[in-house]
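Peer 1: Quick one, fold the following:
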Amino acid sequence: MDADMQVCGRAPDSQYVELAVEVFSMLADATRIRIILALRDHGELSVNLLADLVDKAPTAVSQHLAKLRLARIVATRHEGTKVFYRLENEHARQLVADAIFQAEHSLGGTPRHHHAEAAAGESA
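Peer 2: Numbers count the residues shown, from 1 in each chain. Down below sits the predicted model:
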C-alpha cells in the first residue's frame, strides 16, 4: 500500500505536490471553472458555444482555453477551420465538482449534495 502511494504521488514529499499546486492555481479562476462545467455538461464545444454558455467574449474564452490546454486540462479536435474543446480526462471534472461541494459546506446547513445522497439511501 505504501508503494502505491509513492507511485501515485500522494506522499507529502512527492514531486507531484508542486504540480498539484499549479493545477489548483490554474483552476483559481471563475471563468475557467465555468468552462470546465460547460464541457462537463455538453462534452465537446467550440469557442463560440463556450463563450455563449459562460457569458464571456470569445476572445477571453479562447485565452482561458489556451491556458487550460497548456495545463493539459482540455484537449482539442480540429474539424476544418473549427476547433472543438473537451476535457482531457475525468480528473478536472472531479476536482471542480469537489470544489463546489466544499463551497456548499461553507454556507452552513446540509449541503445539496448530501440531500441527494440521503435520497439515494432512502430509495435503496
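
Peer 1: would you list every one of the strands in this protein?
Peer 2: 45-46, 74-79, 82-87 (DSSP state E).

Peer 1: How far off centre is the last one?
Peer 2: Right, strand 82-87. Its chain's C-alpha centre and that of strand 82-87 lie 15 Å apart, by C-alpha atoms, centre = their mean, to the nearest Å.

Peer 1: How about the second one?
Peer 2: Here strand 74-79 shows a centroid-to-chain-centroid distance of 17 Å under the convention C-alpha atoms, centre = their mean.

Peer 1: ok, that strand: who's next to it in the sheet?
Peer 2: strand 82-87 (antiparallel) (DSSP bridges).

Peer 1: Quick one: mean pLDDT over the partner strand.
Peer 2: Averaging pLDDT along strand 82-87 gives 96.

Peer 1: Which positions within it qualify as buried?
Peer 2: Buried positions in strand 82-87, judged by neighbour count with 16 or more other C-beta atoms under 10 Å: 84-85, 87. Where you see a C-beta, it was placed from the backbone N, CA and C, and this is true even at glycine.

Peer 1: go on, stretch 52-63?
Peer 2: Quick answer for stretch 52-63 (16+ other C-beta under 10 Å): 53-54, 56, 61-62.

Peer 1: Could you point out which of those residues is nearest to Ile36?
Peer 2: If you rank these by distance to Ile36 using C-beta to C-beta, Val54 comes first, at 9.9 Å.

Peer 1: Once you drop chain neighbours, what's closest to the closest one?
Peer 2: Setting aside the residues directly before and after it, Val54 is nearest to Arg34 in space (C-beta to C-beta, 6 or more residues apart in numbering), at 4.2 Å.
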